[in-house]
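# Prediction below, plus the sequence it came from.
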Amino acid sequence: MSLLKLKDIEKVVDGERILKGINLEIEEGDFVAIIGPSGSGKSSLLYIMGLLDIPSSGEIYYKGEFLDLKNREFLSDFRNKKMGFVFQFHYLIPELTLLENVMAPQIKKGVSLKEAEEKARYLLERLGLSGKEKRMVYEVSGGEMQRAAIARALANDPEILLCDEPTGNLDSKNTERVMEIFEELNREGKTVVMVTHDLSLSKRTKRVIEMLDGEIIKIS
Ligand SMILES: Nc1ncnc2c1ncn2[C@@H]1O[C@H](COP(=O)(O)OP(=O)(O)OP(=O)(O)O)[C@@H](O)[C@H]1O
Ligand SMILES: [Mg+2]
């Protein structure tokens, strides 16, 4: 079944068409890599898929439901409920411990402290960060920060995980670890969309979307 459907998406910024007539369907349980040269529109497309940005024209459907792209409040609420994000830079809150960082989105959603902590501990353990829950962000390595950021993205059980070059700042060992986590999540049924420059990673996904100059030139 189609989870996310983009229809005739256009994005114009300062008179320049940075996305040109994008038509795309992401299936439930899909694992998709978005590749293409720098400036081809990968991030712009991902942000529109994640409702972080709205297109200049076109339609977006989620599980067949038409999303009202003019209603910002609805979109941010919808996004918080359904979507998780991982970026090249982790955006963890430096004043908080890893545990608190993973608890934060749950607390914001109204989950009790106890429940949020249990879930955060479980996720950090899953991501190989047991024993580091109480460390501050600056007290762990870059690879560990990125894994904590993935734990945080999973905190509210998103249906789809949208990742923009999640391994862009990682060495090969940590890249492999993060990729294995995505593969495992996908095997469990999570839908994963990942922008990457790393063709060895895109070989491991179910589908590859290739972009050039704001257009999808190939889906394989
Ligand atoms: N907010 C913006 N304002 C102006 N131009 C933008 C904006 N966002 C993106 N662009 C332009 O749109 C084009 C696509 O950018 P985008 O960031 O989507 O590319 P990308 O494929 O993710 O590149 P990279 O691999 O370098 O991250 C570029 O020409 C970029 O300069
Ligand atoms: Mg980008």
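Arrived safely. Numbering: from 1, shown residues only. Ligands and ions are numbered 1, 2, ... in the order given.
# Look up which residues are beta-bridged to the residue most central in space within the chain.
The centroid of the chain falls nearest to Leu162 when counting by Cα atoms, centre = their mean (1.9 Å). Note on Leu162: beta-bridge partners Phe85, Val193, judged by DSSP bridges.
# what are the ranges of the strands in the protein?
Here the chain has its strands, by DSSP state E, at 2-13, 16-27, 31-35, 57-62, 65-66, 83-86, 160-164, 191-195, 207-212, 215-219.
# Please convert these to JSON lines, extending it with mean pLDDT.
Output for these, formatted as JSON lines (pLDDT from 0 to 100):
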{"stretch": "strand 2-13", "mean pLDDT": "97"}
{"stretch": "strand 16-27", "mean pLDDT": "96"}
{"stretch": "strand 31-35", "mean pLDDT": "98"}
{"stretch": "strand 57-62", "mean pLDDT": "97"}
{"stretch": "strand 65-66", "mean pLDDT": "94"}
{"stretch": "strand 83-86", "mean pLDDT": "94"}
{"stretch": "strand 160-164", "mean pLDDT": "97"}
{"stretch": "strand 191-195", "mean pLDDT": "97"}
{"stretch": "strand 207-212", "mean pLDDT": "97"}
{"stretch": "strand 215-219", "mean pLDDT": "96"}
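# wait, what's in contact with Ser76?
Going by Cβ atoms under 8 Å, 6 or more residues apart in numbering, Ser76 touches Leu51. In this view, the C-beta of every residue, glycine as well, is placed from N, C-alpha and C.
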